[in-house]
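J.: show me how the following folds:
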Amino acid sequence: MTDAATTSATSAHRITPRHGLGVACGLAAGVWLGAAEAPTKLVNSGLSPFAISLCMVAGVFTARWTVPTLLKGSRYVFADLAANKHLLITAILAGMLWAVANTLTVFAIRDVGLTIAFPLWNTNSLVGILWGRLLFGELKGAGGKNIAKVVLGALAIIAAAIMLGFSTIQGNGPHAARAVGGILAALGASLLWGTMYIPYRKAYLSGMNPLSFVTAFTIGELGTMFALVLALDGGTKAAVFHSPEAKHMLFWLFLGGFVWVIGDLFQQFATKYLGIGRGIPLSNTNQIWGVAWGALVFGELAHADAAHKLLVIAGSVMMILGALAVSTAVATAREHSSTNDSLLRECDRYNLDYYAVLKAYGGAEEHNRDTRRAWWDYAIVAAAVGVFIYLGVNARVPSLDLNFAWIGILAVILVATALLCGWGLWKSTRFS
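T.: Purely as a prediction, here's the structure:
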């Protein structure tokens, strides 16, 4: 038996299990990712899908640099990036995949509506399970009961998403030709978003911190969106750069991007501690929260008939049961051994310190990096706050009939979820 094989056989038990924390992060991701769609509903403009996606990514870029700086400090982030230089291209590639997928979702929403597009792109759960099994040995060695919980739970969440989508369909659909394009766009987004988790998992098996990964990730996002606008949306003459109306809606798109990042950070930690196959289905419970915002705040079900309301109830119950199934599929020792094999392969491929990577993967990295705040950290945060203040002053509040009581309730749930899950991450791993 080789040294690597001996290590694999004897060290799998050393992987620190973080199943409960991973489940909490996955569910918190669903709460925030579902809320991220709410600000975009306030935008009613003639901007192209490319322009809308670019504005959202600008908000994402702002958040991806601000939040890691607040939690760890830029010195820590850049030290982690320097220690994982081999993953920089991977992170940028993941950002590029996300940017294209996000643009496809905007086309899908335009052509078939959010209620149909959302469940279609949430089929990325199945794509993620497939890649996790093929590339990282997830569920390898798992008992039939655990495999059934993850696969059937993911299918239940997708079925529930479809039911919730149909429950909010209103009016006459788009023309058939446009509908086909919208459906293909949503399915394309599903494929790209399911594939995007490959770089995520690869990074965390190498010991990289999710906060550092997303900082490099956003370079690929923003660069790709600028390239798409310049190449396909009019170049430097694109309306997003010149339209006087654009500045009035930027705040809402930035806000949607910022909220999305909070959800994505929880999703990153869920992927790290649960793997792709378990993490994606849990975060895809975002649909139930999206419907909650649509129905309770925007009154999308105010005139729905009994059949549509029944679909909401049935879909909500099915999604809860699906999430329950996935969350109770606790990895066994044999699964941890398979994960350890993947971790060993990454260490051998890039000549990494196995024991340091093992500790980092378990959320117990060596605390030898400088986490002191530099003066530029405060400048980064101040700049982000300044951007939001400027955009907020110039924003126009749409004349919509909003239920402010439910806005308050859902906002409290958002904050409480972030605080509780954030506290759990800090207490257990110091956001590692």
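J.: CA atoms for contacts and neighbours, from now on please.
T.: OK.
J.: buried residues in the strand or helix carrying residue 377?
T.: Assigning secondary structure by DSSP states H and E places residue 377 in helix 375-393. Buried positions in helix 375-393, judged by neighbour count with 16 or more other CA atoms under 10 Å: 377, 380, 381, 384, 388, 391, 392.
J.: how much space between residue 289 and residue 98?
T.: Separation of residue 289 from residue 98 (CA to CA, to the nearest Å): 21 Å.
J.: looking at these two, which one has more neighbours?
T.: Per other CA atoms under 10 Å, whichever of residue 289 and residue 98 has more neighbours is residue 98, with 26 against 22.
J.: would you confirm that the more buried one contacts residue 194?
T.: No. Checked against CA atoms under 8 Å, the pair residue 98 and residue 194 is beyond contact range at 9.9 Å.
J.: coming back round to it: Serialize the buried residues of helix 375-393 to a markdown table and add fields for pLDDT and distance to residue 73.
T.: Below are those laid out as a markdown table (pLDDT from 0 to 100; distance: CA to CA, whole Å):
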| residue | pLDDT | distance to residue 73 |
| --- | --- | --- |
| 377 | 87 | 7 |
| 380 | 87 | 10 |
| 381 | 88 | 11 |
| 384 | 88 | 15 |
| 388 | 87 | 21 |
| 391 | 88 | 26 |
| 392 | 87 | 27 |
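J.: okay, the residues you listed in a markdown table with distance to residue 180 next?
T.: Output for the buried residues of helix 375-393, formatted as a markdown table (distance: CA to CA, whole Å):
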| residue | distance to residue 180 |
| --- | --- |
| 377 | 47 |
| 380 | 43 |
| 381 | 43 |
| 384 | 39 |
| 388 | 37 |
| 391 | 36 |
| 392 | 37 |
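J.: just the closest of those to residue 298, please.
T.: residue 392 (20.9 Å; CA to CA).
J.: surely that closest one is in contact with residue 249?
T.: No. Taking contacts as CA under 8 Å, residue 392 lies outside contact range of residue 249: 9.2 Å.
J.: how near is the residue positioned nearest the centre of the chain to residue 390?
T.: By CA atoms, centre = their mean, the chain has its centre lying nearest to residue 264, at 3.3 Å. Separation of residue 264 from residue 390 (CA to CA): 25 Å.
J.: over to residue 113?
T.: Residue 113 is 31 Å from residue 390, by CA to CA.
J.: excluding sequence neighbours, find me the nearest residue to residue 91.
T.: Using CA to CA, 6 or more residues apart in numbering and skipping residues adjacent in sequence, the residue nearest residue 91 is residue 217, 4.7 Å away.
J.: name the element the one you found belongs to?
T.: helix 210-232.
J.: tell me the pLDDT at the nearest residue to residue 150 once chain neighbours are set aside?
T.: Spatial nearest neighbour of residue 150, chain neighbours left out: residue 326 (4.8 Å); criterion: CA to CA, 6+ apart. As summarised for this prediction, residue 326 has a pLDDT of 86.
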